[in-house]
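>>> following is a predicted model, sequence given first.
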Amino acid sequence: MPRRKSPPRLVPRLDRDGVQRLVIRDGAVYKRTGCLVGETEVAAEKLAEYIGQKKQKPVAVERGPDHISCAAALDYYLAAKQARDEETGPLEGRIAFLTAFWGDKPLSAVDGETCRDYAETRARQAAARRELEDLRAAVYMFCKEKRLNFRPYFDLPDKPVARERWLTRKEAAELLRGALRLRRARPKTYECLPRFILIGLYTGTRHAAILDLNWNRGPAGGWPDLDAGVLYRRGERVRETTKRRPPMRLPRRLTAHLRRWKLKDGGKGPVIHAKGGEPIGLMRKSFDAARVEAKLGEEVTPHILRHTRATWLMQRRVPIWDAAGSLGMTVKQMESTYGHHHPDFQQAAADAY
């Protein structure tokens, strides 16, 4: 379920000059107070003033894009997502980066040049592109619903080149052995790392969807139905998106592992959890430790498990329709991205002469 929006509050934030200052955080919007961390009384007064202004009637949007901040559009976009009960955790993180650069700028400042300036402030161009896509969606939604005759131009960084790296069976075995060694050395930290790797290799399920899995049916996360032999990747109240999470038939080998894990966990809670049973936010650091233990390169990320599963299905001559349905891809995407791994790829054309 989406998290309830917290009220405006004071939080410390590192400024560009390296000094920590108190800022007002209101959802994904950060507003400067000009106060240092120790100046709590003055900052509290500015927080009270900010809350009082919010309760007043908002300024009419007919004033135009010169007087409407990008932060207002981003906040409106986030609120619309939350009103539809959508998961907004990752979006809030991206909006925080956007607000630091765009928050005080008016909508009229959005153009190709400022988009390129923003991209230069981000270390990864793929992240800059994704964040600018969010800004574009927010501005377009705000202008459409508020009937503003304004549609700025966005210059986004190029799409990253698709990754083709996948694991051989030997590499996958080394990765799993590395995870098992880490679990023996530090069970509290790496308790469910082998589970994560096995589920990814056997199902090709995305990182976030694996972490959302629970042993029992629920509204937010998927669950394995061990009696029917089906893995449901999304909860009953989770809407389908372009990152599709269709049900899939569980492989027999993985089913045996799942039965053993469920018995160990008492049949309750998340499938991937910390030592005390708490859910885990991300597995990137743990996975990276297993990668280093297996002496694999930095290009090996959790998403490589999905690429590996798709590649192995093609190498085993699984029909493309079945493989695509199992992974939640379109047949076109499966064929264009992984079809060349099929042993019969263009064989008839190669043998024509």
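Cool, the structure landed.
>>> so the residue positioned nearest the centre of the chain: helix, strand or coil?
In the chain, the centroid-proximal residue (Cα atoms, centre = their mean) is Pro90; its distance is 5.5 Å. Three-state assignment for Pro90 (DSSP: H, G, I helix; E, B strand; the rest coil): helix.
>>> pLDDT of whichever helix in the chain runs longest, averaged?
What stands out as the longest helix in the chain, according to DSSP state H, is helix 125-145. The average pLDDT within helix 125-145 is 94.
>>> quick check: closest non-adjacent residue to Pro246.
If the residues on either side of it in the chain are set aside, Pro246 comes closest to Gly328, at 4.9 Å by Cβ to Cβ, 6 or more residues apart in numbering. (Each C-beta comes from the backbone N, C-alpha and C, glycine too.)
>>> doesn't Thr241 make contact with the one you found?
No: Gly328 is beyond contact range of Thr241, at 10.6 Å (criterion: Cβ atoms under 8 Å).
>>> who has more neighbours, those two?
Gly328 (22 against 10; other Cβ atoms under 10 Å).
>>> how close does the more buried one get to Met334?
Distance of Gly328 to Met334, computed by Cβ to Cβ, to the nearest Å: 10 Å.
>>> returning to what we had before: any idea how far the residue nearest to Pro246 is from Glu298?
27 Å.
>>> ok, Pro270 next?
Separation of Pro270 from Glu298 (Cβ to Cβ) stands at 28 Å.
>>> the more surrounded of those two?
Pro270 (21 against 8).
>>> once you drop chain neighbours, what's closest to the more buried one?
Using Cβ to Cβ, 6+ apart, the closest residue to Pro270 is Pro279 (4.6 Å).
>>> again, but for Gln315
In this structure, Gln315 finds its nearest non-sequential neighbour in His341, 5.4 Å apart by Cβ to Cβ, 6+ apart.
>>> so the one you found makes contact with Thr311?
Yes: using Cβ under 8 Å, His341 is in contact with Thr311, at 5.0 Å.
>>> for Gly222, give me the pLDDT.
As summarised for this prediction, Gly222 has a pLDDT of 91.
>>> mind listing what it touches?
Gly222 is in contact with Ala209, Asp212, Leu213, Asn214, Leu231, Tyr232, Arg233, Arg234, Gly235, Arg245, counting by Cβ atoms under 8 Å, 6 or more residues apart in numbering.
>>> farthest-apart pair in these, please.
The distance between the two most remote of the contacts of Gly222 (Cβ to Cβ) is 13.8 Å, for Asn214 and Arg245.
>>> can you show me the strands along the chain?
Ranges of strands within the chain are 9-14, 20-26, 29-36, 221-225, 230-234, 248-249, based on DSSP state E.
>>> format the contacts of Gly222 as a markdown table; extra columns: pLDDT and distance to Ala137.
As requested, the contacts of Gly222 are exported to a markdown table (pLDDT from 0 to 100; distance: Cβ to Cβ, whole Å):
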| residue | pLDDT | distance to Ala137 |
| --- | --- | --- |
| Ala209 | 91 | 23 |
| Asp212 | 90 | 24 |
| Leu213 | 94 | 29 |
| Asn214 | 94 | 30 |
| Leu231 | 95 | 31 |
| Tyr232 | 94 | 29 |
| Arg233 | 91 | 25 |
| Arg234 | 87 | 22 |
| Gly235 | 80 | 24 |
| Arg245 | 86 | 22 |
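>>> picking up where we left off before, these two touch, right, the residue nearest to Pro270 and Ala220?
No: counting by Cβ under 8 Å, Ala220 is not a contact partner of Pro279; they are 10.2 Å apart.
>>> extract the CA atoms of stretch 325-334 and return them as PDB.
Below are the C-alpha coordinates for stretch 325-334, written out as PDB (Å, rounded to 0.1, in the frame of the first residue of the first chain):
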ATOM      1  CA  GLY A 325       4.500 -15.000 -21.300                       C
ATOM      2  CA  SER A 326       6.600 -16.400 -18.400                       C
ATOM      3  CA  LEU A 327       8.700 -13.300 -18.200                       C
ATOM      4  CA  GLY A 328       6.000 -10.700 -18.800                       C
ATOM      5  CA  MET A 329       7.400  -9.500 -22.100                       C
ATOM      6  CA  THR A 330       5.800  -9.000 -25.500                       C
ATOM      7  CA  VAL A 331       6.700 -11.600 -28.100                       C
ATOM      8  CA  LYS A 332       8.200  -8.800 -30.200                       C
ATOM      9  CA  GLN A 333      10.500  -7.700 -27.300                       C
ATOM     10  CA  MET A 334      11.500 -11.300 -26.600                       C
END
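>>> next one, pLDDT for Glu191 please.
Per-residue pLDDT puts Glu191 at 89.
>>> excluding chain neighbours, what is closest to it?
Closest to Glu191 by Cβ to Cβ, 6+ apart is Lys275, at 5.2 Å.
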